[in-house]
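Can you look at this prediction? I've put the sequence above it.
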Amino acid sequence: MHKAIVVPAPGGPEILRVEDVDLPQPGPKELLVRVAAAGVNFIDTYKRSGVYPMEYPFIPGVEAAGTVVATGRDVEDFREGARVATAEGGGTYSEYMILEADKALPVPDGVSDETAAALPMQGMTAHYLCNSAFPVEEGQTVLTHAGAGGVGLLLIQLLKAKGARIITTASTDEKRELARSAGADHALGYEGFAEEVRHLTDGVGVDVVYDGVGKATFEGSLASLRKRGMLVLFGGASGQVPPFDIQKLNSGGSLYLTRPTIGDYLLTREERQWRAHDLFEMVREGTLDVRIGGTYPLAEATRAQEDLEGRKTTGKVLLIP
C-alpha cells in the first residue's frame, strides 16, 4: 500500500482526500517510479472540477520526477535507480506511480528532483509555444499573459534568448517586477492592456499573443494583434472562452487563432526528448531559471490547488510525498 490523493467525484479543491491505495505493478514497457515531487497544474484542476470529462474516482496529476524502482517487460532504456521526469504521467499525486517508458524523460546530473519536477509541463509548454505553435524570430514583438506564472516566467526567458521584444501582463506590482527580472521589456496590469499594447507598438500591435488566461483576456488579446497576427490560446486560468463569431478574425485584420494542447506537441519520443534536452541543458548551463513558488506536503493538495486557482502563487507549485 502507499498514500495517494483521490478525487472521488467532480468538485472543488476541498474534495481531494488522502487514501491508502494498492501499490501498482509495472506492465510491459512501463516503469514503477517512487515520486520525489509532483507538479500542480491547471489541467489537474480542470479534471478535478469536471471541465475535462474523467472517470471517477481517480488519482490526479500528470507531472512528476522521481526514481525508477522497478521495470516491466521490454523496457530497454531505463534501469532501477534511474532518475526520470514526465509531463505525461498519470496519478502523480502519490508516493508511487506507473509511467510509460516512452514518456519518461532522463534527468541529467546537476538537476535536482524538485527542478526536474517543476520543468516538464510548463517548460515544454513554453518550448512548444515559441518554437512550434508560433515560432518566434529575432526582432518580433510578443505579448504573453501571466508573466509571473510558471509558464510565463519560463516563456519570457526562452523568448528573450530568441531576441524578441516582450510585453507581458501580471496582476500586482510584485509580479510585474518578477516578470521584468526574467527579461520582459514591458510589464502591464490587466486593466486596459490592449490599449497600452497599441501604444507601445505605435498602433501596429504584436506579432503573437500567448494567452493561458482565457476568458478574461481573450477579447483584449485579439485587439492586441497586428494584421495577420496570431493568438495562441493555450489555457483558461480565468475560465474557458465561450463560442465567438469568427468574423472577428476577419475584421481584426485577417487574424489567426489556434487552441493547442501540449499532447499534440509531444507526439513522438524524439519530440519529447528534443524539448526536454533543450530545457535541462539550459538549466545546467545556468541560462534558464526555474522558479519554485511553493512546496506543499502531499496531504495538503487541497491548499496547493486553492492557492494555484486563487493566483496566490508565482512560478511552480509542487507536492512533496
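Looks like it came in fine. Note that the structure is a prediction, hence the values are computed from the model and not measured.

what's the burial count for the closest residue in space to residue 271 that isn't next to it in sequence?
Nearest residue to residue 271, sequence neighbours excluded (C-beta to C-beta, 6 or more residues apart in numbering): residue 265, at 7.0 Å. Heads up, the C-betas are built off the backbone N, CA and C, glycines and all. Other residues within reach of residue 265, judged by other C-beta atoms under 10 Å, total 18.

How far away from the center of its chain is the helix or strand where residue 210 lies?
Using DSSP states H and E, residue 210 sits in strand 206-211. Once both centres are worked out by C-alpha atoms, centre = their mean, to the nearest Å, strand 206-211 turns out to sit 17 Å from its chain's centre.

And for stretch 265-278?
15 Å.

separation between the residue nearest to residue 271 and residue 129?
9 Å (C-beta to C-beta, to the nearest Å).

for residue 236, same thing?
15 Å.

More neighbours: which of the two?
Here residue 236 and residue 129 are compared on neighbour count by other C-beta under 10 Å; more neighbours surround residue 129, at 27 against 20.

Give the bridge partners for the residue nearest to that one when sequence neighbours are not counted, please.
Excluding its sequence neighbours, the residue lying closest to residue 129 (C-beta to C-beta, 6+ apart) is residue 210, at 5.3 Å. Counting by DSSP bridges, residue 210 forms beta bridges with residue 144, residue 232.

ok, back up a step: counting by contacts, list what the strand holding residue 210 packs against.
Judged by 3 or more C-beta pairs under 8 Å, 6 or more residues apart in numbering; DSSP states H and E, strand 206-211 is in contact with strand 141-144, helix 218-223, strand 225-233.

then it to CSV, C-alphas only?
Output in CSV follows, covering the C-alpha atoms of strand 206-211 (Å, rounded to 0.1, in the frame of the first residue of the first chain):
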residue,chain,number,x,y,z
VAL,A,206,2.1,42.5,-31.7
ASP,A,207,3.0,39.5,-33.9
VAL,A,208,1.7,36.9,-31.5
VAL,A,209,-0.2,36.7,-28.2
TYR,A,210,0.4,33.7,-25.9
ASP,A,211,-2.7,33.5,-23.8
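
For the remainder of this discussion, apply numbering that starts at 52.
Right, with 52 as the first residue, what we last looked at is strand 257-262.

tell me which residues of that strand are tucked away?
257-262 (16 or more other C-beta atoms under 10 Å).

now swap in stretch 310-321 and tell me
Result for stretch 310-321 [16+ other C-beta under 10 Å]: buried residues 311, 313, 316-317.

Could you export these as JSON lines, including distance to residue 195, pLDDT and secondary structure?
Formatted as JSON lines, these follow (distance: C-beta to C-beta, whole Å; pLDDT from 0 to 100; DSSP: H, G, I helix; E, B strand; the rest coil):
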{"residue": "311", "distance to residue 195": "14", "pLDDT": "97", "secondary structure": "coil"}
{"residue": "313", "distance to residue 195": "16", "pLDDT": "93", "secondary structure": "helix"}
{"residue": "316", "distance to residue 195": "17", "pLDDT": "97", "secondary structure": "helix"}
{"residue": "317", "distance to residue 195": "21", "pLDDT": "96", "secondary structure": "coil"}
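
which of those residues sit farthest apart?
311 and 317 (11.2 Å; C-beta to C-beta).

any shared contact partners between these two?
Shared between the contact lists of residue 311 and residue 317 (criterion: C-beta atoms under 8 Å, 6 or more residues apart in numbering) are residues residue 179.

quick revisit: columns distance to residue 230 and pLDDT on top of the buried residues of strand 257-262, output as CSV?
Listed next are these as CSV, based on distance: C-beta to C-beta, whole Å; pLDDT from 0 to 100:
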residue, distance to residue 230, pLDDT
257, 16, 98
258, 19, 98
259, 17, 98
260, 15, 98
261, 13, 98
262, 15, 98
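
who's in contact with the residue nearest to residue 78 when sequence neighbours are not counted?
With sequence-adjacent residues excluded and distances taken as C-beta to C-beta, 6+ apart, residue 78 is closest to residue 123, at 5.0 Å. By C-beta under 8 Å, 6+ apart, residue 123 lies in contact with 76-83, 152.

Among those residues, name the ones in strands.
81-83 (DSSP state E).

quick one: which of those is nearest to residue 159?
residue 82 (17.5 Å).

Now do that closest one against residue 128, distance only.
10 Å.

of these two, who's got more company?
More crowded of residue 82 and residue 128, by other C-beta under 10 Å: residue 82, with 28 against 13.

Okay, and the beta partners of the more buried one?
Legend: beta-bridge partners of residue 82 under DSSP bridges are residue 122, residue 150.
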